[in-house]
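Participant: predicted model and sequence follow; I will ask about them next.
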Amino acid sequence: RVRKTFVFHKMGDDWKILEHQSSVLPEPEGPAPTEKDILDAFATWNAALQTLDPEKVADRYAPDAVLLPTLSNTPRNTRAEIVAYFVDFLQKKPVGVFETINGSSPNVKILTHDLATLSGIAKFTLTDKDGSKSDVRVRKTFVFHKMGDDWKILEHQSSVLPEPEGPAPTEKDILDAFATWNAALQTLDPEKVADRYAPDAVLLPTLSNTPRNTRAEIVAYFVDFLQKKPVGVFETINGSSPNVKILTHDLATLSGIAKFTLTDKDGSKSDVRVRKTF
């Protein structure tokens, strides 16, 4: 079995080989690991935490391991530094579980016969000195290296998830925001429509080639547009889920095909279909 790469160059009506690389595949030094092997390696590390012995936890790390820990800004790249970190951390009696493991496949990547990663969101239950418990959710990545018959941690990165400043929005919240904007159109008041835009908003409007990035410019656009008495509806909302993406606790997008019914001065109506993103 060989790795091959050909670069072909057309010369007249014929394709000639311009470059040809070939090398024999190295034979693997052992069987490829399974997802279970890597989950078991995490479970072994987690069990070491339950011993509350920092030396036993440090045993789960390779001699050249790097630990970027959850509750310290200091990287640890020696056994002594790793032990010192867990002397403090184990006082909280941590018990960890990968949330992505419960009910779904975790994010395990098999890199080689002796190297694999495990990453995702983990929840740790910590116990204070008074016995009260608290949960902390962290982003974790382990790089495991097989040494002999054992999987050791070669790299371990962990960081606390930033706490949201409020509850996550729902799809209904975003659809309601569109409905509020649409209702502002019905007032035929350009100032009320402009009130629906943030101070630093950018409007790339339907019936103008000019971007609008100030309130005055947005108002000026709607002075003309509202003369058509527009009524809008997202076609993707009728009978199916709209394309709503929740980005953060205070940021979301709504996009799709919208139909606007416009009324001319003589009372005749016409429809225009547009691509819209809010």
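Facilitator: All right, it came through fine. Not measured: the values here are computed from a predicted model.
Participant: identify each buried residue in stretch 209-224, please.
Facilitator: For stretch 209-224, a neighbour-count test (16 or more other C-beta atoms under 10 Å) marks 212, 217-222 as buried. All C-beta atoms are positioned from the backbone trio N, CA, C, and that covers glycine.
Participant: turn those residues into CSV, columns for pLDDT.
Facilitator: Converted to CSV, the buried residues of stretch 209-224 look like this (pLDDT from 0 to 100):
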residue, pLDDT
Arg212, 87
Glu217, 92
Ile218, 92
Val219, 94
Ala220, 93
Tyr221, 91
Phe222, 90
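Participant: surely Phe234 is in contact with Ala258?
Facilitator: Yes - with contacts counted by C-beta atoms under 8 Å, Phe234 reaches Ala258, the gap being 4.9 Å.
Participant: shared neighbours, those two?
Facilitator: Lys276 (C-beta atoms under 8 Å, 6 or more residues apart in numbering).
Participant: reformat the buried residues of stretch 209-224 as CSV; add distance to Asn77 and secondary structure.
Facilitator: Shown next, in CSV, are those (distance: C-beta to C-beta, whole Å; DSSP: H, G, I helix; E, B strand; the rest coil):
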residue, distance to Asn77, secondary structure
Arg212, 53, strand
Glu217, 55, helix
Ile218, 54, helix
Val219, 59, helix
Ala220, 60, helix
Tyr221, 58, helix
Phe222, 60, helix
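Participant: check contacts around Ala201.
Facilitator: Neighbouring residues of Ala201 by C-beta under 8 Å, 6+ apart: 213, 218.
Participant: equivalent analysis for Lys129, please.
Facilitator: Taking C-beta under 8 Å, 6+ apart as the contact definition, Lys129 lies against Gln91.
Participant: report the secondary structure state of it.
Facilitator: State at Lys129, reduced to three classes by DSSP: H, G, I helix; E, B strand; the rest coil: coil.
Participant: tell me the phi and psi of it?
Facilitator: For Lys129, the backbone dihedrals are phi -60, psi -30 (criterion: degrees, to the nearest 10).
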